[in-house]
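*Asks:* Next come a sequence and a model predicted from it.
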Amino acid sequence: AQSVTQLGSHVSVSEGALVLLRCNYSSSVPPYLFWYVQYPNQGLQLLLKYTSAATLVKGINGFEAEFKKSETSFHLTKPSAHMSDAAEYFCAVNSGFQKLVFGTGTRLLVSP
Amino acid sequence: KAGVTQTPRYLIKTRGQQVTLSCSPISGHRSVSWYQQTPGQGLQFLFEYFSETQRNKGNFPGRFSGRQFSNSRSEMNVSTLELGDSALYLCASTPGIVAGELFFGEGSRLTVL
């Protein structure tokens, strides 16, 4: 069965600092992997997706993620944090048709 | 293009009652999925409908049911509500080009008293 593990329920950074949110996956087949973001009182929005093409995936709002098969990782990064990046971030793996299995989420806190 | 619309946004029910939540997908999207989000269990898949057929189902009791209409709109129903059913229920639609690329609504927040 497919699963993802997000390390760190909370990550705090200063504005302008590097953002690194960690996600490791477990899958018996080549995975489709996703990062979604959730702002307070809103639904989820797709940040980026990996579908077995390029291993370095660029998404919206300056985020990118690199698929590393040897490490079973799909970490999310952004070179310079902005206050508006404060939100909860979810890593997910596709598990058949449109079923996603989500990680437990990482809340990103950005301080001025 | 309008996004995924969920109604109602907020509702309060008491134990034992039933509730129906509605979801209107993005125009042209034929797949609709439902997820439950709680602080304790996180985001969990409920079911997915495609062309009025349930294509996938999560590990929830039979009190949770859904359906999809010919215009792709979907409803989910929870009968005999329990306190633990308090959650944010999220609907997502997709054109189905990329498996897992979902467009979510803002959710229906259900509180069971």
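*Replies:* Sure thing, it's come through.

*Asks:* for chain B, what spans make up the strands?
*Replies:* Here chain B has its strands, by DSSP state E, at B:5-7, B:10-13, B:19-24, B:31-38, B:42-50, B:53-57, B:64-68, B:74-78, B:87-94, B:103-104, B:108-112.

*Asks:* Extract the CA atoms of stretch A:92-100 and return them as CSV.
*Replies:* What follows is stretch A:92-100, C-alpha atoms only, in CSV (Å, rounded to 0.1, in the frame of the first residue of the first chain):
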residue,chain,number,x,y,z
ALA,A,92,0.3,13.0,-0.9
VAL,A,93,0.7,9.8,-3.0
ASN,A,94,-1.8,8.6,-5.5
SER,A,95,-3.3,5.2,-4.6
GLY,A,96,-5.6,4.3,-7.5
PHE,A,97,-7.8,6.4,-9.7
GLN,A,98,-8.2,9.7,-7.9
LYS,A,99,-7.6,8.4,-4.4
LEU,A,100,-4.8,10.3,-2.6
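
*Asks:* Go through that stretch and flag the buried ones.
*Replies:* A:92-95, A:98-100 (16 or more other Cβ atoms under 10 Å in any protein chain shown). No exception for glycine: its C-beta is placed from N, CA and C like everyone else's.

*Asks:* again, but for stretch A:77-91
*Replies:* By neighbour count with 16+ other Cβ under 10 Å, stretch A:77-91 contains the buried residues A:78, A:81, A:85-91.

*Asks:* do the same with stretch B:60-67
*Replies:* Quick answer for stretch B:60-67 (16+ other Cβ under 10 Å): B:60, B:64-66.

*Asks:* go on, stretch B:28-35?
*Replies:* For stretch B:28-35, burial by neighbour count (16+ other Cβ under 10 Å) applies to B:29, B:31-35.

*Asks:* right, is that stretch up against chain A?
*Replies:* Yes. Using Cβ under 8 Å from any Cβ of the partner chain, stretch B:28-35 reaches chain A at B:31, B:33, B:35.

*Asks:* Tell me the one of the buried residues of stretch A:77-91 nearest chain B?
*Replies:* Using Cβ to the nearest Cβ, A:Phe90 is the member of the buried residues of stretch A:77-91 that lies nearest chain B, at 6.6 Å.

*Asks:* ok, the buried residues of stretch A:92-100 vs chain B, which is closest?
*Replies:* Once Cβ to the nearest Cβ is applied, the member of these that ends up nearest chain B is A:Asn94, at 3.6 Å.
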